[in-house]
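S.K.: sequence plus predicted model, see below.
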Amino acid sequence: MAIPKLRGGVLAAGTTAALLTLTACGSGSGSDSGSGESGELAGSTIVVSTFPFGVEDFQTNIVEPFERATGAKVEIDSGSNADRLTQLQLSGGSPGVDVMLISDTFAALGQEQDLFQRFDAEDVPNLAELNEFAVDDAYAGPAYTYQLNGILYRSDEITSEEAAEWSLFEDPALAGKVALPDISATAGQLTVSGIAEAYGSGPYDVDTAFSVMGDWAPDVLQFYTSTTEVSNLISQGEILAVPTIIGFVPPLVASGQPIGWIPPNEGRYMATNRLMIPEGAPNLEGAYAFIDYMLSQEAQEASIATDLPVRPDVTAAPSFTGLMGENAGDPVEMGYRTLSPEEITANRTDWVERFAREVSGK
C-alpha cells in the first residue's frame with residue numbers, strides 16, 4: 001500500500017494521534033490506528049536498526065518513553081548505512097529487524113532490491129500529520145527528519161555573502177584552505193547536484209559538475225567522508241569553507257568559535273532520514289507502533305535538539321532556525337528540494353567511479 005500524499009496538519013478520518021494510540025488500554029481508539037494497544041505490545045520485542053551516532057539521545061528521547069507507554073522492549077542495533085543494508089541483503093528474507101532508520105539514498109537502494117515493504121496511514125496514523133515532502137510516494141517509508149546542505153565557513157575570514165556563492169571554491173586566495181565532500185558522504189551528492197544546477201542544466205548534469213569540481217580539486221585540502229573530519233578541520237582553522245549538512249553545526253556555533261553556516265544562493269538540496277520496515281520483519285505490529293510514535297508530536301518535540309522535525313506543528317530548535325534564514329523550519333519554502341531516488345540508484349555506481357577519477361583523484 002502506498003503512503004498517501006497528505007499535507008501536514010490534516011488528520012485522516014478514523015485515525016488517532018500516536019500518543020493516544022500508545023497509551024490507550026481497553027478503549028476503541030487504539031483499534032482504529034492499526035498500531036495496536038499497549039496491552040498487545042507489552043512483553044514483545046521490537047528490533048530497531050539505527051545510525052551509530054546519537055544512540056544515547058535516541059534511547060533517552062524516543063526508546064525509553066515508548067517502552068514506558070507500551071510495555072514493549074526495544075532492542076537497538078546500530079551501524080553505518082552501508083553495513084546495515086548489506087546485512088539486510090544477506091538476510092535471505094529473515095532480517096531480524098523490525099524498523100530501520102536509514103538515509104534516503106540507501107533506502108532507495110534497498111527498495112530497488114525489494115528489501116522494504118510499504119505501509120500507509122491505516123497502519124501508521126501519524127503519516128497524515130506530516131509535511132508533504134516527508135511522505136514522498138517514491139519511498140516505502142516516511143522521513144522523520146531531514147538534512148539541509150549548505151556552506152560551513154569561518155566567519156572571521158569569510159562573509160556570509162561570499163559563503164553563499166559556489167564560486168567561493170574557485171577563489172585562488174583560498175587555495176589549500178577549502179574542503180569538499182566525497183560523493184559517498186551525505187553532503188556529497190547534494191553538493192554535486194547543487195553545483196550541477198548552478199553551473200549546468202540541472203541537478204543531474206554531473207558532466208558539468210564533475211568538470212567544475214575537477215578544476216577546483218588541486219586547491220582542495222581534503223575530500224572528506226565524515227562530519228567528524230569537517231568539525232576538526234574547521235575548528236582548527238585548517239580550512240575556511242566547506243559544503244556540509246546542517247545537522248552537526250549548532251554545537252560548533254554554540255562553542256563560540258567564529259563559525260557560520262548558510263544555504264547556497266543556488267542549488268539547494270536536502271537529504272532525508274527515513275523509517276523503513278524490512279520485508280519479513282518479525283514484529284510488524286510493533287514496527288507500526290514504533291514508527292507512529294517516532295512521528296508523533298511528543299517524539300518530534302523531544303528530538304528537536306538534534307533532528308529537524310517533519311511535522312508542521314513542531315518548531316525547529318532556535319539553534320537550527322538561527323542558521324537557516326528566511327522561512328526557517330520549512331525547507332520547501334526555503335527553496336530546498338529532494339533528489340529523485342530513481343535517478344540516484346540508476347546512476348550511483350557510475351557516478352561514484354567517475355567522481356574518484358574526475359574529481360577527487362585529480
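M.R.: Perfect, thanks for sending it.
S.K.: so what are the sheet partners of the longest strand anywhere in the chain and their directions?
M.R.: In the chain, with assignment by DSSP state E, the single longest strand is strand 143-154. Note on strand 143-154: by DSSP bridges, its sheet partners are strand 241-245 (antiparallel), strand 259-262 (antiparallel), strand 270-278 (antiparallel).
S.K.: might one say that residue 277 is in contact with residue 124?
M.R.: No: between residue 277 and residue 124 there is no contact under CB atoms under 8 Å: 9.5 Å. Where you see a C-beta, it was placed from the backbone N, CA and C, and this is true even at glycine.
S.K.: so what sits against both of the two?
M.R.: Here residue 277 and residue 124 have residue 291 as joint contacts, going by CB atoms under 8 Å, 6 or more residues apart in numbering.
S.K.: if we can go back for a sec, next structured bit after the longest strand of the chain?
M.R.: As assigned by DSSP states H and E, the chain's next helix or strand after strand 143-154 is helix 160-163.
S.K.: how about that following helix, which residues are buried there?
M.R.: By 16 or more other CB atoms under 10 Å, the buried positions in helix 160-163 come out as 162-163.
S.K.: output the contacting helices and strands for it.
M.R.: Here helix 160-163 touches strand 143-154, strand 259-262, going by 3 or more CB pairs under 8 Å, 6 or more residues apart in numbering; DSSP states H and E.
S.K.: for those strands, give me TSV that also has distance to residue 204, mean neighbour count and mean pLDDT.
M.R.: Shown next, in TSV, are the helices and strands packed on helix 160-163 (distance: least, CB to CB, whole Å; neighbours: other CB atoms under 10 Å; pLDDT from 0 to 100):
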stretch	distance to residue 204	mean neighbour count	mean pLDDT
strand 143-154	16	24	98
strand 259-262	24	22	98
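S.K.: so which of the ones you listed comes closest to residue 298?
M.R.: With CB to CB as the measure, strand 143-154 is the member of these nearest residue 298 (13.2 Å).
S.K.: C-alpha coordinates for the closest one, CSV please?
M.R.: Output of strand 143-154 as CSV, limited to C-alpha atoms (Å, rounded to 0.1, in the frame of the first residue of the first chain):
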residue,chain,number,x,y,z
ALA,A,143,11.1,10.8,6.5
TYR,A,144,11.3,11.5,10.2
THR,A,145,14.0,14.3,9.8
TYR,A,146,15.9,16.0,7.1
GLN,A,147,19.4,17.5,6.4
LEU,A,148,20.0,20.7,4.5
ASN,A,149,23.2,21.1,2.6
GLY,A,150,24.9,24.4,2.9
ILE,A,151,28.3,26.1,3.3
LEU,A,152,30.1,26.0,6.7
TYR,A,153,32.6,28.8,6.9
ARG,A,154,35.0,30.7,9.2
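S.K.: just the strands paired with strand 143-154: most buried one?
M.R.: The highest mean neighbour count among the strands paired with strand 143-154 belongs to strand 241-245 (a mean of 26), with neighbours defined as mean count of other CB atoms under 10 Å.
S.K.: and that one, what's its mean pLDDT?
M.R.: In this model, strand 241-245 has a mean pLDDT of 97.
S.K.: residues making contact with that strand?
M.R.: 147-154, 158, 163, 168-169, 174, 177-181, 186-187, 190-191, 194, 224, 227, 230, 233-234, 261, 264, 271.
S.K.: what's the answer for stretch 314-321, then?
M.R.: Residues outside stretch 314-321 that contact it (CB under 8 Å, 6+ apart) are 246, 250, 253-254, 297, 300-301, 304-305, 308-309, 324, 328-329.
S.K.: once you drop chain neighbours, what's closest to residue 329?
M.R.: residue 316 (4.4 Å; CB to CB, 6 or more residues apart in numbering).
S.K.: can you check residue 163 too?
M.R.: residue 153 (4.1 Å).
S.K.: before we move on, the earlier item: distance of the residue nearest to residue 329 from residue 332?
M.R.: 14 Å (CB to CB, to the nearest Å).
S.K.: so these two - more neighbours on which side?
M.R.: Remark: of residue 316 and residue 332, residue 316 carries more neighbours, 19 against 13, as counted by other CB atoms under 10 Å.
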